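mind folding the following:
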Amino acid sequence: MTINLHRTTQTVATFINTNTSGDNTIIAAVTGQTTRCHRLHLTAAGAVNVQVKVGTTVVDTFQFVGAAPLPIVLDFNEEPYYETAVNQALIINLSGAVLVQGQMNTITSG
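All right, here's what the predicted structure looks like:
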């Protein structure tokens, strides 16, 4: 007997590619909706601090150091790493103008 377990809601992949210091909106606020982040992968071209923000609140900070920093990987998890309230954006804030790339997998719902 084979049992297939699957999610009923698929995540949406949003690609991150920014080198702008300060706030960078990754997932815009959606009226009447919340957003849950279930996976995050980030790389940086150099030393930079990256803050993950829900609206204006910092919920996580990653520090990339040196010339070839290791990637940050929060692998898929059924429980979200970050969750917004209704009408809040998911933002990453860069401490400097360093190229940060990656992918965030989210589900937005009411």
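
so Gln33 sits against Thr108, correct?
Yes - using C-beta atoms under 8 Å, Gln33 is in contact with Thr108, at 5.1 Å. Placement of C-beta: from N, CA and C, glycine included.

neighbour count: these two, which is higher?
Regarding Gln33 and Thr108, a neighbour count based on other C-beta atoms under 10 Å identifies Thr108 as having more, with 17 against 14.

tell me the SS of Ala29?
When classified by DSSP: H, G, I helix; E, B strand; the rest coil, Ala29 comes out as coil.

find the nearest non-adjacent residue to it, please.
Ala89 (4.4 Å; C-beta to C-beta, 6 or more residues apart in numbering).

counting neighbours, what do you get for the one you found?
The burial count assigned to Ala89 is 17, neighbours taken as other C-beta under 10 Å.

how close does it get to Asp75?
For Ala89, the distance to Asp75 under the criterion C-beta to C-beta, to the nearest Å works out to 23 Å.

what do you get for Thr31?
Using C-beta to C-beta, which is the criterion applied here, Thr31 is 31 Å from Asp75.

related to what we said a few turns ago, residue contacts, the residue nearest to Ala29?
With contacts taken as C-beta atoms under 8 Å, 6 or more residues apart in numbering, Ala89 has the following neighbours: Thr25, Ile26, Ile27, Ala28, Ala29, Gly55.

tell me what the residue nearest to Phe64 when sequence neighbours are not counted is bridged to.
Of all residues beyond its chain neighbours, the one nearest Phe64 is Ala44 (3.9 Å), with distances taken as C-beta to C-beta, 6+ apart. Under DSSP bridges, the beta-bridge partners of Ala44 are Val100.

so Ala44 touches Gly96, yeah?
No - here Ala44 lies out of contact with Gly96, judged by C-beta under 8 Å, at a distance of 9.8 Å.

these two: who's more crowded?
Neighbour comparison, Ala44 and Gly96: the larger count goes to Ala44, with 26 against 13 (by other C-beta under 10 Å).
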